[in-house]
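Undergrad: got a sequence here, can you build the structure:
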Amino acid sequence: MALNPENEQHALQIQAGTIGRKAGHAFEDTITEEINIVLYPLKVPTKIITHVNTGDPARLLLFYISSAYGCSEIIRASAISTGALATSEDGKRWLEINGIGVTRCKSDLVISLEFPNGIKKSVGVSTKQCNNKTPTNAQLYFTTARGFVNLLTKNSLKVPDAAITALRQFCGDIGFRPLDQTPPLTDRKTDPRRFFWEEILEAGRLEWENIFSKHQDDISRLLLQKAYLDDQFSPDFLIHKTKNSTAWENTEIALYSIDELIHHSKNYGGFSLKPYSVRKGSYKDPHGVTHMAPRFGIIQMQRGGQAQHPEQLQFNLEAGYFYKVSQQRPDMDGQSSSQ
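TA: Here you go, the predicted model:
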């Protein structure tokens, strides 16, 4: 049954019913709770000029967003945890945010803010979290070969047939695997369930390397912001809990606008290949055998390989990227202040 809140307060009460049900949403749920209990108006102490900071994630997020809009005071703010609603046990719930019905959303949070002089903003926020002692990579996008091609083509990026075939080989789609070849490949001794990047159809592989090189920013933006064609609240900002913390008020987080993250990713690197070996599982590589992993900027691309959906295509943010890219917020109208 659809859940239609009568007003904003009702929406927050609905949300409260889902808080705590899913451990995976604990980070965004806590941010939401903290934003909704702040006593407003709230002064923004100083402009945040670095991406990695330690403190209360909810307040740092509010201050960061305010800094992005050049505002030194928040008159009022409220937050909705859309991720929790989308995966609640009852399923298929939806919310009306600013008159817009939301059934699914790439943003994990939608925050409505009111600044002085009647300025109002509603922003989507993507959340990532790591609870290990050291940062790990973070999943960014999970799809299939055909799903990724559809994402690009529906956003005006052309993908030749040879590239589609090559990506299906890389993902191990049925009919495109080494074990599907006729006659059988007798000289290949490694994983028969998929081809590695260096093995896929050369014409298609070269097409992909050209596409990623020429359209890195566009593809990065699609992966960061576009999960659904009908998404009304794609993320404008990203907050990333970098590692485990002992107290909420002492949590290290990385904060970016999506434009800032794309800017830093491009500066970090273009399309490249990184050698690796398969060290575990049923098809370990012999000593000295390596494969090539495609990547662009801070984004890594790999076959999912999970048992239930082995042909999935996965994009991740590189582990600890926030320590590797510039720590200073760039001037998006000019040059980075540190590079």
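Undergrad: against the centre of the protein, work out the most remote residue.
TA: Residue distances from the centre of the chain (CA atoms, centre = their mean) peak at P183, which lies 40.9 Å from the mean C-alpha position.
Undergrad: so what's S126 up against?
TA: Taking CB atoms under 8 Å, 6 or more residues apart in numbering, we find S126 in contact with 106-108, 224, 235, 237-239, 258. Using the backbone N, CA and C atoms, a C-beta is placed for each residue, glycine as well.
Undergrad: does it have beta-bridge partners, and which?
TA: For S126, the beta-bridge partners under DSSP bridges are L238.
Undergrad: separation between it and L179?
TA: 38 Å (CB to CB, to the nearest Å).
Undergrad: can you check F148 too?
TA: Distance from F148 to L179, counting by CB to CB: 23 Å.
Undergrad: could you give the backbone dihedrals for K106?
TA: phi -70, psi -30 (degrees, to the nearest 10).
Undergrad: that one touches Q225, doesn't it?
TA: Yes: contact status for K106 versus Q225: in contact at 6.3 Å, counting by CB atoms under 8 Å.
Undergrad: quick check: neighbours shared by these two?
TA: Among the neighbours of K106, those also in contact with Q225 (CB under 8 Å, 6+ apart) are 234-235.
Undergrad: of the contacts of S126, which one scores lowest on pLDDT?
TA: Of all the contacts of S126, K106 carries the smallest pLDDT score, 85.
Undergrad: what's the closest non-adjacent residue to that one?
TA: Spatial nearest neighbour of K106, chain neighbours left out: A227 (3.9 Å); criterion: CB to CB, 6 or more residues apart in numbering.
Undergrad: which stretch of helix or strand covers the one you found?
TA: Secondary structure assigned from DSSP states H and E places A227 in neither a helix nor a strand.
Undergrad: R221 now?
TA: helix 216-225.
Undergrad: I174 - how many residues pack around it?
TA: By other CB atoms under 10 Å, the residues close to I174 number 9.
Undergrad: err, F212, not the other one
TA: Counted with other CB under 10 Å, the neighbours of F212 add up to 20.
Undergrad: next: the one 5 residues further on.
TA: Counted with other CB under 10 Å, the burial measure for D217 works out to 15 neighbours.
Undergrad: what do you get for S282?
TA: 7.
Undergrad: give me the element it is part of.
TA: Following DSSP H and E, there is no helix or strand that holds S282.
Undergrad: got it, and G124?
TA: Counting by DSSP H and E, the element that carries G124 is strand 120-129.
Undergrad: list the contacts for Q216?
TA: Applying CB under 8 Å, 6+ apart to Q216 gives the contacts 265-266, 270-271, 296-297.
Undergrad: repeat that for 7 Å
TA: 266, 270-271, 296-297 (CB atoms under 7 Å, 6 or more residues apart in numbering).
Undergrad: can you tell me how far it is from S277?
TA: When Q216 is compared with S277 (using CB to CB), they lie 27 Å apart.
Undergrad: go on, E249?
TA: E249 sits 42 Å away from S277, going by CB to CB.
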